[in-house]
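Trainee: structure, please.
(one chain, ligands or ions: 3)
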Amino acid sequence: MKLLQAVFPLWALIGVTRQTNPPGQCVCEFSSSEQMFPHNKLKTVQDEASDCNTKVTPSKTVELQSLLLGLDRRLAQLHEDVSVLEKEDDGDLYGVLSLHVIQNEMTEIRLLLDKLNATTEEHHRLTADTERQMEAVREEMDQLEKFDTQEVVKRQQANQRLRRDLDQCRNGLHPAPPPTKPPHGSCPHGEILNISEPRIYTAGEYPGSYKYGAWGRDPKPEHGKENWYWLVMMTSSNRYAHYVRQYHSLSSLIAGVNVPGNVQIHSSNPTTNTIQGPNVVLYAGALYYNCYNQRQVCRFNLTTKIVTNVELPEGTRYNSKGNFCHLDECYPYTDLDLATDESGVWVIYTTSQDFGNLVLSKLEKSEPPTLGQTWRTSVYKLGVTNTFMACGVLYATRYVSKDMEEIFYSFDTVTGKERFNIGIFMNKMATNIQALNYSPVDQMLHAYSDSYMVSYEVIFDLSGDYF
Ligand SMILES: *[C@@H]1O[C@H](CO)[C@@H](O)[C@H](O)[C@H]1NC(C)=O
Ligand SMILES: *[C@@H]1O[C@H](CO)[C@@H](O)[C@H](O)[C@H]1NC(C)=O
Ligand SMILES: *[C@@H]1O[C@H](CO)[C@@H](O)[C@H](O)[C@H]1NC(C)=O
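Mentor: Ligands and ions are numbered 1, 2, ... in the order given. Okay, the predicted model is just below:
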């Protein structure tokens with residue numbers, strides 16, 4: 001049985017012939033004569049970008065860093081996508097990666113470079129050397145782009161035809177194995193040891209416009225949406241939101257390229273399903289949030305656009321009666337804080353019968369969602385500015401100063417142990433944090449802070465004596 005194996009320069013292929021062979025055999029022949037995608041060039045650009053990244057660090061501004069990080073990741077992604085396109089992969093390949101993806105990526109990288117350049121100019125921080133490198137990166141990217149339009153797009157249709165043929169050929173003989181699932185219910189991380197300096201810091205698409213909101217990554221994304229980011233802004237009265245904004249990569253979020261766009265929940269004035277309050281999360285393609293004027297968590301399925309809900313216990317504080325606060329101010333409509341971690345979705349709130357202390361419940365992903373196990377804590381919500389979950393542990397923050405927030409409290413749902421002496425500090429980029437959520441896909445903490453989007457790396461204790 002002879003199948004095409006290993007490296008396979010896809011766009012170099014023009015002609016393919018499917019032959020009639022003895023039963024059980026499938027032979028695909030190809031002729032290759034065309035120019036290869038300039039991988040070495042891409043590699044150079046990538047090296048230059050990360051070199052740039054290293055060089056700039058001493059004189060860093062975090063904004064510049066996150067742009068460079070965005071660019072760095074973007075190039076890596078591009079490289080990966082190109083490789084996938086070129087190889088007949090090993091069965092983990094779920095579908096045809098459109099060459100359009102790469103075109104879009106090119107455009108996006110260019111936008112990112114422009115933005116980076118603007119930032120650079122503004123800050124006057126880069127050395128002449130780095131400037132030269134930037135210039136080189138730009139030139140290379142231009143060339144890559146030219147290559148793209150001349151070579152890639154032209155071949156697109158031929159490639160797709162070819163791939164269809166190959167898929168038919170291959171699937172006829174070897175049905176693709178089902179994807180392996182990660183082990184269920186286990187959490188690879190221990191206790192949180194520290195939080196990094198801000199890694200991502202961006203004003204996004206609407207600099208300074210919406211003070212309240214939330215953003216992040218879906219921990220259990222649908223296939224093909226693994227790198228997507230979402231953003232929900234309270235566009236009316238710092239209180240309501242009507243849609244989920246989506247970005248297909250970190251760099252599109254930073255560059256403010258809103259592709260693939262919004263998913264609207266409801267068009268007009270507040271109604272039952274309107275998002276109320278900033279502490280929302282996206283999980284498995286559905287947005288979980290406190291809905292308008294209700295003691296309820298609503299779940300909006302972005303695919304079907306259907307909203308289902310679950311009622312919280314009698315006595316639960318809602319409609320801005322159980323908010324996160326610090327000495328100077330409370331954050332309106334933060335009664336219900338939705339959170340994600342390795343195990344799913346949680347809701348953190350308070351009730352009259354708990355005298356304003358934090359209560360934590362697991363949300364079960366049934367249809368409609370239901371309230372699972374509940375834990376009661378002895379931390380008073382008025383002294384807490386936000387909470388998040390990581391590895392089954394609830395963490396709470398408090399306000400220290402306009403530059404500093406402290407993770408001071410934890411509650412372990414496995415052992416029931418409470419700690420008030422966590423003492424991990426977070427450097428803030430703006431005074432207030434309106435939403436804070438942990439992303440189990442990349443162990444980042446995403447904060448929405450006075451309209452800025454800020455991310456921190458979570459550093460775990462991997463010593464293993466935690467469980
Ligand atoms: C940065 O922008 C300036 C003008 O604002 C332009 O002259 C320069 O060529 C740009 N550099 C790069 C690397 O794009
Ligand atoms: C924790 O991280 C901060 C940077 O955010 C760093 O300054 C500090 O030294 C770290 N603390 C420990 C104990 O590692
Ligand atoms: C959303 O609806 C689709 C179609 O019914 C379903 O497959 C998916 O599981 C739903 N997602 C959630 C989170 O309920």
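
Trainee: now do the helix or strand E406 falls within: which elements does it pack against?
Mentor: E406 belongs to strand 404-412 when elements are defined using DSSP states H and E. Packed against strand 404-412 by the contact rule (3 or more C-beta pairs under 8 Å, 6 or more residues apart in numbering; DSSP states H and E) you find strand 192-202, strand 370-380, strand 393-401, strand 418-419, strand 424-427. Bear in mind the C-beta positions are built from the backbone N, C-alpha and C, glycine included.

Trainee: neighbouring strands for the fourth one, and are they parallel or not?
Mentor: To tie it back to what came earlier, the one meant is strand 418-419. Take DSSP bridges as the rule and strand 418-419 pairs in its sheet with strand 404-412 (antiparallel).

Trainee: and the partner strand, what's buried?
Mentor: E405, E406, I407, F408, Y409, S410, F411, D412 (16 or more other C-beta atoms under 10 Å).

Trainee: okay, angle between that strand and strand 370-380 too, please.
Mentor: Angle of strand 404-412 versus strand 370-380, following axes from the mean of the first three to the mean of the last three C-alpha atoms, to 10 degrees, is 120 degrees.

Trainee: so strand 404-412 versus strand 393-401, what angle?
Mentor: Using the same axes, to 10 degrees: strand 404-412 against strand 393-401 is 160 degrees.

Trainee: for strand 404-412, what is the average pLDDT?
Mentor: Averaging pLDDT along strand 404-412 gives 96.

Trainee: check stretch 301-308 too.
Mentor: Per-region confidence: stretch 301-308 scores 95 on mean pLDDT.

Trainee: specify the local secondary structure of A118.
Mentor: helix (DSSP: H, G, I helix; E, B strand; the rest coil).

Trainee: and the pLDDT at it?
Mentor: Model confidence at A118 (pLDDT) stands at 75.

Trainee: ditto for E131
Mentor: On pLDDT, E131 comes in at 65.

Trainee: got it, and L99?
Mentor: Looking at L99, its pLDDT stands at 54.

Trainee: okay, domains of this protein per the record?
Mentor: 2-32, 43-145, 192-460 (automatic domain parsing).

Trainee: next to ligand 1, which bits of the stretch 251-400 of the chain? Give me the list.
Mentor: Within the stretch 251-400 of the chain, not a single residue sits near ligand 1 (C-beta under 6 Å from any ligand atom).

Trainee: wait, what's in contact with Y247?
Mentor: By C-beta atoms under 8 Å, 6 or more residues apart in numbering, the contact list for Y247 reads W228, Y229, W230, L231, L253, V257, N258, V259.

Trainee: Y399 versus the first one, what's the distance?
Mentor: Using C-beta to C-beta, to the nearest Å, we find W228 at a distance of 31 Å from Y399.

Trainee: what is the burial count for T202?
Mentor: 23 (other C-beta atoms under 10 Å).

Trainee: what about the residue nearest to it when sequence neighbours are not counted, which SS state?
Mentor: Distances taken as C-beta to C-beta, 6 or more residues apart in numbering place I254 nearest to T202, at 4.7 Å, with adjacent residues excluded. Taken by three-state DSSP, the conformation at I254 corresponds to helix.

Trainee: what count of nearby residues applies to I254?
Mentor: 29.

Trainee: try the one 5 residues further on
Mentor: Applying the criterion other C-beta under 10 Å, we find 13 residues in the vicinity of V259.

Trainee: compute the inter-axis angle for the strand holding E406 and strand 192-202.
Mentor: Between strand 404-412 and strand 192-202, the angle comes out at 130 degrees (the same axes, to 10 degrees).

Trainee: in this protein, which spans are helices?
Mentor: 39-56, 62-86, 99-123, 128-147, 153-173, 250-255 (DSSP state H).

Trainee: which stretch in those helices has the least confidence?
Mentor: Mean pLDDT values for the helices of the chain show the minimum at helix 153-173, a mean of 51.

Trainee: make a markdown table from the helices and strands packed on strand 404-412 and add mean pLDDT and distance to ligand 2 to it.
Mentor: Shown next, in a markdown table, are the helices and strands packed on strand 404-412 (pLDDT from 0 to 100; distance: least, C-beta to the nearest ligand atom, whole Å):
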| stretch | mean pLDDT | distance to ligand 2 |
| --- | --- | --- |
| strand 192-202 | 90 | 4 |
| strand 370-380 | 96 | 23 |
| strand 393-401 | 96 | 13 |
| strand 418-419 | 94 | 16 |
| strand 424-427 | 96 | 6 |
